[in-house]
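**Q** The amino acid sequence is not available; the structure is as follows:
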């Protein structure tokens, strides 16, 4: 368990949940995920964000408990946040963890840290993916060659452990796609490790219909074009419709969040129009990227509702159907 690794990775005061081989029990009752009506899954949030105090995290968890969010993925972005995500996953029944090094801080990565990630992923069953990994050529907070190296090494780790991959891509769209392909993230072998994606027996009417049932002017992805399930999530997708289609054909899943709801973001709307519902996941990236109508305020996991409502509007389906579909998509993707 994590107790094997935590002592030299976090301060002693952070070990309270593992002292004596026992974890401190959650203050919350079992979450409502099994109750009817709780069908929202925030597939990418940062309850582990270092801007929060411990008290604020407890308050945010209580808000999730009281909401219609049934599951969340707490996504690591460096070593301390990955450890905290794993701790949250063990504390809360509705929380699961993703661990890895974000490209911003990849300059801090080394093989010893990669080994610690490997051991945590192998020992903690609620660690469900490697991420948030990738390239960020917008801020360039780490040298690009360093970003590329550790992106490749973490893809290799995910392949070794047969885990899903959560990808961060900013102003590096084609290179991210190429590296994923070169490292076997879309290989037939990798796809064979995971159960086939649930697909309808016939092409979905929503592939060619937009909001209000209007036929789209462009051809959307047909299910026959989809290339299996590689369990690669392109988080906060901001690329073109054409790139999204290439990702789906390769076997990836597209994650969308608050910017989908922004008035002038037609680009992502066109992506959602074109991509089959079964290849979409709803996320918040909280505390960032707050959706309308709360844009400008701190984002929260429960605001994933507004992302799902926008997906429903674009697809011309009910909110309930979109909520159920994105919930099941997330569960299938992360193997929950």
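**A** Now that the structure is in, tell me what you want to look at. This is a predicted model, so every value here is computed, not measured.
**Q** Can you give me the buried ones in whichever strand or helix holds residue 62?
**A** Under the criterion of DSSP states H and E, residue 62 resides in helix 54-66. In terms of neighbour count (16 or more other Cβ atoms under 10 Å), helix 54-66 has its buried residues at 57, 60, 61, 64, 65. Using the backbone N, CA and C atoms, a C-beta is placed for each residue, glycine as well.
**Q** shouldn't the second one be in contact with residue 53?
**A** No. Contact criterion Cβ atoms under 8 Å: residue 60 and residue 53 do not qualify, at 10.5 Å.
**Q** Count the neighbours of the closest residue to residue 79 other than its chain neighbours for me.
**A** Nearest-residue entry for residue 79: residue 113, 5.9 Å, with adjacent residues in sequence omitted and distances by Cβ to Cβ, 6 or more residues apart in numbering. For residue 113, the number of neighbouring residues by other Cβ atoms under 10 Å comes to 16.
**Q** Give me the phi and psi for residue 113.
**A** Backbone geometry at residue 113, expressed as degrees, to the nearest 10, gives phi -70, psi -40.
**Q** what about it, distance to residue 154?
**A** 10 Å (Cβ to Cβ, to the nearest Å).
**Q** who touches both of these two?
**A** Residues touching both residue 113 and residue 154 by Cβ atoms under 8 Å, 6 or more residues apart in numbering: residue 101.
**Q** Following the helix holding residue 62 in sequence, what is the next regular element?
**A** Using DSSP H and E, the helix or strand that follows helix 54-66 towards the C-terminus is strand 69-75.
**Q** Can you give the strand pairings for that following strand, parallel or anti for each?
**A** Based on DSSP bridges, the strands next to strand 69-75 in the sheet, each with its direction, are strand 40-45 (parallel), strand 95-99 (parallel).
**Q** Does anything pack onto whichever helix or strand comes after that strand? Which helices or strands?
**A** Next in sequence after strand 69-75, counting helices and strands by DSSP H and E, comes helix 79-91. Counting contacts by 3 or more Cβ pairs under 8 Å, 6 or more residues apart in numbering; DSSP states H and E, helix 79-91 packs against strand 69-75, strand 95-99, helix 111-123.
**Q** can we see that at 6 Å?
**A** strand 95-99 (3 or more Cβ pairs under 6 Å, 6 or more residues apart in numbering; DSSP states H and E).
**Q** For the chain, give me the ranges with low pLDDT.
**A** Filtered on pLDDT under 70, the chain yields the residue ranges 1-38, 198-225.
**Q** pull the longest strand from it.
**A** Determined from DSSP state E, the single longest strand within the chain is strand 127-136.
**Q** quick one, helices of this structure?
**A** In the chain, the helices defined using DSSP state H lie at 54-66, 79-91, 111-123, 144-161, 173-182, 188-192, 241-250, 266-274, 304-315, 319-334.
**Q** can you redo the ones you listed as TSV with distance to residue 281?
**A** Written out in TSV, the entries for those read as follows (distance: least, Cβ to Cβ, whole Å):
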stretch	distance to residue 281
helix 54-66	17
helix 79-91	17
helix 111-123	21
helix 144-161	17
helix 173-182	17
helix 188-192	18
helix 241-250	12
helix 266-274	11
helix 304-315	10
helix 319-334	5
